[in-house]
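Novice: Sequence plus predicted model, see below.
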Amino acid sequence: FIFDFFNARLHFGCSRMQMYPLEMEGNSNPKTTNKPKYSKFTQQELPACKPLLTPEIVIAAFALIGALFVPIGLASLHASRQVVELVHRYDASCVPVDDKVGFIQNSRTDKTCTVTMTVPKYMKSPIHVYYLIDGFYQNHRRYVRSRSDKQLRYKSAAHLTSDCVPEGDTADHAPIVPCGLVAWSLFNDTYTVRVNGVVTQVNKKDIAWKSDKNNKFGKNIYPSNFQKGRLIGGATLNESIPLSEQEDLIVWMRTAALPTFRKLYGRIEKDINANDNVTVVIQNNYNTYSFGGSKALVLSTASWIGGKNNFIGIAYLTIGGLCLSLAMGFLVLYMVKRRNFGDPSNLSWNR
Amino acid sequence: MKRFVYINDESYQNDYCDNQISNTKYTLWNFLPKNLWEQFRRFMNQYFLLIACLQLWSLITPVNPASTWGPLIVIFAVSATKEAWDDYNRYISDKQANEKKVWIVKNGARKHIQAQDIRVGNIVWIRENEEVPCDLVLTGTSEPQGICHVETAALDGEIDLKTRVIPTTCIGLDSEQLHKIKGVIECPIPDKDIRRFDANIRLFPPFIDNDICPLTINNTLLQSCYLRNTEWACGVAVYTGNETKLGMSRGVPEPKLTAMDAMIDKLTGAIFLFQLAVVVVLGSAGNVWKDTEARKQWYVKYDDDEPWYQILVIPLRFELLCSIMIPISIKVSLDFVKSMYAKFIDWDEEIYDQETDTPAHAANTAISEDLGQVEYILTDKTGTLTENKMIFRRCCIAGTLYGNESGDALKDIELLNAVADNSPHVIKFLTVMALCNTVIPIKSPSGTISYKAQSQDEDALVNAASNLHVVLVSKNGNNAEIHFNRRVIQYEILDILEFTSDRKRMSIVISDSQSGKIFLLSKGADEAILPLAYCGQQIKTFVDAVDKYAQLGLRTLCLGWRELSLEEYLEWSRLFKEANSALVDREWKVAEVCQKLEHTLDILGISAIEDRLQDGVPETIEILRQSGINFWMLTGDKQSTAIQIALLCNLISSEPKGQLLYINGKTEDEVARSLERVLLTMRITSSEPKELAFVVDGWALEIILTRYKEAFTELAVLSKTAICCRVTPSQKAQLVKLLKSCDYRTLAIGDGGNDVRMIQQAHIGVGISGREGLQAARAADYSIGKFRFLKRLILVHGRYSYNRTAFLSQYSFYKSLLICFIQILFSFVSGIAGTSLFNSVSLMAYNVFYTSIPVLTTVLDKDLSEKTVTQNPEILLYCQAGRLLNPSTFAGWFGRSLYHAIVVFLITIHAYANEKSEMEELSMVALSGSIWLQAFVVTLEMSSFTFLQFLAIWGNFAAFYVINLCISTIPTAGMYTIMFRLCRQPSYWITMLVSITIMFF
C-alpha cells in the first residue's frame, strides 16, 4: 500500500465544533456569521490515503505472500518431522475379556498390562510421556463448569461447592475438596517405563503449569472427602499432600477443548537410542470402555513448534503455492489481456 | 363546538385549564416506568430483554449473565439519560415561562401575578418587547388607531412584523374602561390553526356598541409572539396553557423511516428466523445426542430420571448462545453514524449561503441515507428555482406595451412621459399598484419610506409605483395616503377582500376622501381577473400581452377597477360582515360574498414581474437528471411561465430533442381524452431517446386525481419529467403521496408556506430558507440556503451516508454471525451441549468494543472523491437501486461470515490439537483469529484511510492485546497467564498469519 497523502499537515478540529442555530442573532457585530468554521475534519477533508488495488500491486502481493509462506511452511514441516513420536494404543489389548466394562469396573481384577515398543529413531531428552484419550468430552457443558476455582485456591472457600453438583457435597453435607466432576473423574492409569529392561525414572515433577501451582491451587489446601461417595470416578488423592503439589490433578483440571487430547504424564530425562526397546507396565484402571473411547500412551520429543503437527506446514505450503500460482495466472492475464486503467468507457453506464 | 369566554368574570373562570405550560413528557414518578415502557416497545429491545432474563437461569446460561446485562443496561441508561436530560431542560424552560410575572386585571385593579395563574377571561397587559403568555383577543393598545405590531417568529418562523388590530367594537376605549370591560367572546374549541380564528365578540352594556363584532386572526395576540414597536397592549385570554394555538400545534411528528432502516429491520427479522431454525435443529440434535451418547459418558453424570423441563435446557442454551447473532451494538452504532452524517451537513462550508448567512441544517438526523436513494424530486418554482426577488420589468396599460425595448419599464421614456402627462389610464394603473395590497409603509426618521410586505410581488409593485411618482406614504389604520406629483391624496380603506390560493386574486374597497367616491381595486392572476371584465371591453391585447410576458418567463398580474355606488357597497358590506363573523366555513362564505362584488371590472393593464433563476439551477438540475433522478415541477404559477422557467433551467428540452405533452380540458370528458392521448404517446415513444414531459394544470389535475388516478399513476411511472402548474398546496401533497404509493423515494423541496404539506408528506423534505420566511425550512428535514446546494446534499452527503451505512450495518451482522458460527461449530465437538468456547468477558468485549469501534470510523470513508462523483453523477444509480444493501449483498456477508468462521475454527483446532488443546488457550486463539480477521476485513472494505481510521483499526488491534495481556496478569481470572503463554509461542503467530491469508480467497 502506498500512503502518499500523508505529508499534508493534519488539522483536527474536533474540539472547536459548535452547533449553528438557524436563528439570527443580532447583526450588530459584523463578524458574527453563521458560517461553519473551517476545519479539515468538519469538511471531511482529512488527508487520506487511497490504496488502489492495481494489477501490479495485486500480483506483487500474491507473489510476496507466496514467497513468504513457502519457506515458513517448509520450516514448520521440517520442525514437525524432527519430532520423534511413539503412539501406542492400549485400551483394547490391555483387557483380555469380552465384557470390557465389567472388567474395568471390577476392583478386584488384575489390571496390570505390559506393552513393548521399539524406538525408530534417536530420541533426545527430555522425552514427554503423554496419555492420549479419544472420545472424552472434557468440554461438555455439564462437565467443564463443574468445579470451584475459589475452593481450590482459598482455604476459607471450601464450602463454595454450588457449581460442583452432583459432586459438591458428600451425603452428610460435608464439602468435597476438590469438588466437581472434573476432579472426580481424575485419570488413574499409571505407567512404569523400562528401557532395554532397565527401569527408567519418569519424572512427574513440574508437569503442570507453574502459574497453576503457584496461583490457582492453594499450598495449604488438602484433599478431603474426595472419592468417598457411592460412585468412585477416577483416581484418589493423598490427603497429606497439598493441592498445589498434586500435579496430576492440576494437569487434568486444565480441561481440554477437544474430545481427543493428550495430557502430560511425566518426562523421561534420558536419551533413548534408536532400536531400543521400551517396555511400559500399565495399571489400566481408567474406564473409557463404557463410552467407546480409546486410550494410548505417547512418547514424544519436542521442537520449536511443539509436538508433531504437520498441519501448519501443509497449510502454509498449500496457501503459498496457491498464491504463487494466482500471481502467475494474473501475470499472464495482465500480459495477454490488458485493460487500460481508469478508462471511463468501461463504466457500466457507458457500455 | 364552541367556547364562551366571559370577560373579567370570575364565576366562569374555572371551566377551563389554567395557564400552566407543560412540555415535559415525564414526571419524577413516572419517568422510570414510562421510559422503560417506551424503550421496550421496540422489538429489538424486547428481544434483548428476553435473552437477558433467560440468562439468569444458571442451568442454561452458557456465559455470565453480565455479558448481556452489561451492554443492555448501558444502552438503556444512555437513552434514558438523554431523555431525562431533554425533559429536565423542558421542565426548566416551562418553569421559567410559568413563573414569569404578568399584569392582569382582577376586581377592577391591576395585579402582578405569575403567568401560570392566568385564567380564561382574564385581561392581560403586555408591554413592549414582552412575550405574550397565552392566546389573547386584543382589546386595547397604546396606539390611537388601535393597532399593534407583533413578531411571530417563534410561531411560524416569519421574521417580518405583523400588524394586529383591535376589534372595531373596542375602538376608543380608554385604559380606565378597559379595566372594567365585560362581555362574551364566542370562539371555537382550541385548535392548532395559527392562520385562522373564526370568532366574535359582544360587549355587555354599558358599553356603547353591543353588537356582535367578528374576530379574525388579526385581532389576536398568540402565545410566544413578541410585542414590538407598541408601548403596551392588552387582551382577553381565550386559550391558556397547553390549549393555546402553539400548545395544540406542538406534538411529535411521525418519525420517518429510511428505506435502509426498513431493509435492516427486514434482514434482522430474517436473521431472527434463521436463529430460531438453528436453535430448533441444534436443540433437538443435542437432546438426541444426550440420550444416545451422553448417558454413556459416565463422567458427565446425567441423572436417569430428570424433570420434564430438562428437554428444554439444551434448546434454550443454544438460543442464548445464538443470541449474539443479532448485534446489540447495531442500534447504537447506527445512531452514532447517523448523527455524524447530520453534523457533516451542518458543518459543510460548501453548502453555506454567503448571501443570506445561512448554513445548511439537518433537522432530522436519521434519514441521511435516503438522500442517496432519491428517485423523484418534486420542486416548487418560485423561490426555489428562482430567487424570489421580484423586479417590475414590463407592463401593458390600455393596450400599450411599455418596457419592450430596454426590458425595464421604469426606464421607458414613453411611460415616464405618460406619467408626466397625467395620462388617466396610467395613473389609475399606478394607483391600483400602490393601493391594492397589504403592504405596510414604514417611515424612517430621515424621511425615507421602506415597505414591509409579505408578498414579494406586492413589494415589487409598490416600489415600482413609487419610482413612477405614485408613492404610498403611510397607512394608518384605515387611512392610506398617496403622494402624486407633490399632491397628497387620502383614501379610506373600507374593506380588504383577501387573497386566497383558490380565488387567486385580491381586492380592496376604498373611498376617496375628497370626492367620497367608492372604488373596488382588484389584482390577480389573469384567468381570475380577465373573465370579470365588463361586457364589451377588448381584452384581446391583454391576453396577447400575458402570453408574450409568460414566454419571457415573467410573472404577470392583471389589474382592474370599478367604481361602486354607495347603495351597492352598503348592501354588499352587510353581507360581507355577516360572512366574516360566521363560525363555520367562514373562508368559503367570504369567498362567495367577495365574488358578488368582483365583476364587470375595467381592466387597466398587465404588470410583468421578473423573477430571476437562482445561480447554478440549470447545472444542478442537469447533473441530478444525469444521476437518474426524475424532476417534477409543481407550481402555483401559470402554464406558460412554468414552461418557460422549465426550459431555462434544463428541466425540459425544446423541440426536436424533447416534447411536451399537454393534459388540459375543462370538463371531465376533455381531461379524460387528453390524458388517454398523452398516455398513448408516452407508451409509444418510451423506447425512443426523446425527452418527454407532460404538463398538467391544477384544474385538470383535480379531475384526474379524483377520477382517473390509475391512468395517471401509469403516466407518472412512464414520465421522467412533469410540470404541474396552478396547483394548490394540497394537490402538491397529493402528488407526493401518489409517487410514494408507487414505491418511489421522493424528495420535496420548497421555500414557502404553500410547500409545507408537500415537504412533510415526502420521504425527505428540503426547505429553502428564503424570502418567504422560514416556514418551509422549519417543517423540513433539511434546510439549505440555495437550490444548487441540493446537488451536494444528494451526490455527496446522501451518497456517502448510504455507502457508509450499508457497510456498517452489514458488517455489524457479519461480525456477530462470525463469532456465533464459531460457537456453533464448537458445539459439534463438545457433545452438542451448548458449551461456550469463549468466556463472558471476551464475548462482551468482542461485541461492544473490539468490533464496534473500528467500524465507526466508516463515517470518514470516501470511496470516490467528491469531484469524481460530481463528474460522473450516474454512479448514484448504485445507491438509488439499493445495490449495496439488499438481500443478496447481505447473503454475501452471511456467506463470508460462515466461511471465515469455518476457516478460523478448523485452523484453530488443527493447529492447537493434542497436547495443546487446552480450553482457555484454544478459545483465545480462536478469538485472536477473529480479531485479526476483523481488522483486515475492515481495512479491505474501506476505501480511504485518514489517520483516524488507522488509529481506530490498528489502535483497537493493539488494544486487544494490551487488554488481554492485562487480564492475563489477574490470578483469579480464568485466562490468567494465557495471553503471555500464547505470545511466546511461535506457533500462535504462525496460526494467526495463516488465518488472515484465507481471507483473500
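Specialist: Thanks, I have it.
Novice: contacts and neighbour counts: CA atoms only from here.
Specialist: OK.
Novice: Kindly list the longest helix within chain A.
Specialist: Of all segments of type helix in chain A, defined using DSSP state H, the longest is helix A:55-82.
Novice: Just after it, pick out the following helix or strand.
Specialist: As assigned by DSSP states H and E, the chain's next helix or strand after helix A:55-82 is strand A:85-89.
Novice: Could you pull out the buried residues of that following strand?
Specialist: Along strand A:85-89, the positions that meet the burial threshold by neighbour count (16 or more other C-alpha atoms under 10 Å in any protein chain shown) are A:85-86, A:88-89.
Novice: And for stretch A:319-339?
Specialist: By neighbour count, with 16+ other C-alpha under 10 Å as the criterion, the buried positions of stretch A:319-339 are A:319-324, A:326-327, A:330-331.
Novice: Among these, which lie within helices?
Specialist: By the criterion of DSSP H, membership of the buried residues of stretch A:319-339 in helices covers A:319-324, A:326-327, A:330-331.
Novice: and the longest helix of chain A, average pLDDT?
Specialist: Confidence over helix A:55-82 (mean pLDDT, whole number) is 93.
Novice: residues contacting residue 234?
Specialist: Unless you meant another one, I'm taking chain A. A:184-188, A:227, A:286 (C-alpha atoms under 8 Å, 6 or more residues apart in numbering or on different chains).
Novice: oops, I was thinking of chain B
Specialist: Taking C-alpha under 8 Å, 6+ apart, we find B:Cys234 in contact with B:123-126, B:138-141.
Novice: Chain A contacts on the stretch 251-400 of chain B?
Specialist: Proximity of the stretch 251-400 of chain B to chain A, by C-alpha under 8 Å from any C-alpha of the partner chain, involves residues B:293, B:296-301, B:344, B:346-349, B:352, B:354, B:357-359, B:361.
Novice: ok, now the stretch 901-1001 of chain B?
Specialist: B:909-911, B:913-920, B:922, B:943-947, B:971-972, B:976-977, B:985-987, B:990-991, B:994, B:997-998.
Novice: Angles on the backbone of the nearest residue to B:Gln114 once chain neighbours are set aside, please.
Specialist: For B:Gln114, ignoring the flanking residues on the chain, the nearest one in space by C-alpha to C-alpha, 6 or more residues apart in numbering or on different chains is B:Lys101 at 4.5 Å. According to degrees, to the nearest 10, the main-chain angles of B:Lys101 amount to phi -80, psi 130.
Novice: hang on, isn't B:Lys101 packed against B:His112?
Specialist: Yes: with contact defined as C-alpha atoms under 8 Å, B:Lys101 and B:His112 form a contacting pair (6.3 Å).
Novice: Neighbour count: these two, which is higher?
Specialist: When B:Lys101 and B:His112 are compared on other C-alpha atoms under 10 Å in any protein chain shown, the one with more neighbours turns out to be B:Lys101, at 16 against 13.
Novice: give the contact list for the more buried one.
Specialist: Taking C-alpha under 8 Å, 6+ apart, we find B:Lys101 in contact with B:112-115.
Novice: Give me the distance between the residue of the stretch 51-200 of chain A at minimum distance from chain B and B:Glu492.
Specialist: Using C-alpha to the nearest C-alpha, the single residue of the stretch 51-200 of chain A nearest to chain B is A:Arg141, 4.6 Å away. Summarising the geometry, the distance separating A:Arg141 from B:Glu492, computed by C-alpha to C-alpha, to the nearest Å, is 96 Å.
Novice: do the same with A:Ser156
Specialist: Counting by C-alpha to C-alpha, the gap between A:Ser156 and B:Glu492 amounts to 103 Å.
Novice: same thing with A:Lys295?
Specialist: Between A:Lys295 and B:Glu492 the computed distance is 116 Å (C-alpha to C-alpha).
Novice: Between those two, tell me which one has more neighbours.
Specialist: For the pair A:Lys295 and B:Glu492, the greater number of neighbours falls to A:Lys295 (25 against 19), based on other C-alpha under 10 Å.
Novice: in a strand, that's where that one is, yeah?
Specialist: Yes: note on A:Lys295: a strand contains this position according to DSSP: H, G, I helix; E, B strand; the rest coil.
Novice: beta partners of it?
Specialist: A:Lys295 forms beta bridges with A:Ile133, as assigned by DSSP bridges.
Novice: per-residue confidence averaged over stretch A:244-256?
Specialist: 93.
Novice: rewinding a little: any idea which of the ones in helices among the buried residues of stretch A:319-339 is closest to B:Ser741?
Specialist: A:Phe330 (49.1 Å; C-alpha to C-alpha).
Novice: Let me see the contact set for that closest one.
Specialist: If a contact means C-alpha under 8 Å, 6+ apart, then A:Phe330 has A:55, A:59 as its contacts.
Novice: Quick check: residues of the stretch 201-350 of chain A near chain B?
Specialist: That would be A:211, A:215-216, A:233, A:254-264, A:290-291, A:304-307, A:309, A:311-312, A:315-316, A:319, A:349, which are the residues of the stretch 201-350 of chain A within reach of chain B (C-alpha under 8 Å from any C-alpha).
Novice: Can you say which of the residues you listed are buried?
Specialist: A:215-216, A:233, A:254-264, A:291, A:305-307, A:309, A:311-312, A:315-316, A:319.
Novice: Could you list which of those residues belong to strands?
Specialist: Mapping these onto strands (DSSP state E) picks out A:261-264.
Novice: how about the helices of chain A, start to end?
Specialist: A:55-82, A:100-105, A:141-144, A:149-153, A:181-184, A:210-211, A:247-253, A:311-336.
Novice: tilt between the last one and helix A:55-82?
Specialist: When axes from the mean of the first three to the mean of the last three C-alpha atoms, to 10 degrees is applied, the directions of helix A:311-336 and helix A:55-82 differ by 160 degrees.
Novice: low-confidence ranges in the stretch 651-800 of chain B?
Specialist: For the stretch 651-800 of chain B, the stretches with pLDDT under 70 are B:770-773.
Novice: Could you look up the SS state of B:Val137?
Specialist: strand.
Novice: and it, how many residues sit next to it?
Specialist: 30.
Novice: pretty sure it is touching B:Tyr239, no?
Specialist: No: counting by C-alpha under 8 Å, B:Val137 sits too far from B:Tyr239 to count as a contact (9.4 Å).
Novice: give me the number of residues near residue 170?
Specialist: No chain in the question, so chain A it is. Other residues lying near A:Thr170 total 17 when counted by other C-alpha under 10 Å.
Novice: nope, chain B
Specialist: Other residues lying near B:Cys170 total 22 when counted by other C-alpha under 10 Å.
Novice: Relative to B:Thr977, how far out is the nearest residue to B:Pro971 once chain neighbours are set aside?
Specialist: When the adjacent residues along the chain are set aside, B:Pro971 lies closest to A:Asn215, with 6.1 Å between them (C-alpha to C-alpha, 6+ apart). Applying C-alpha to C-alpha, one obtains 10 Å for the distance of A:Asn215 from B:Thr977.
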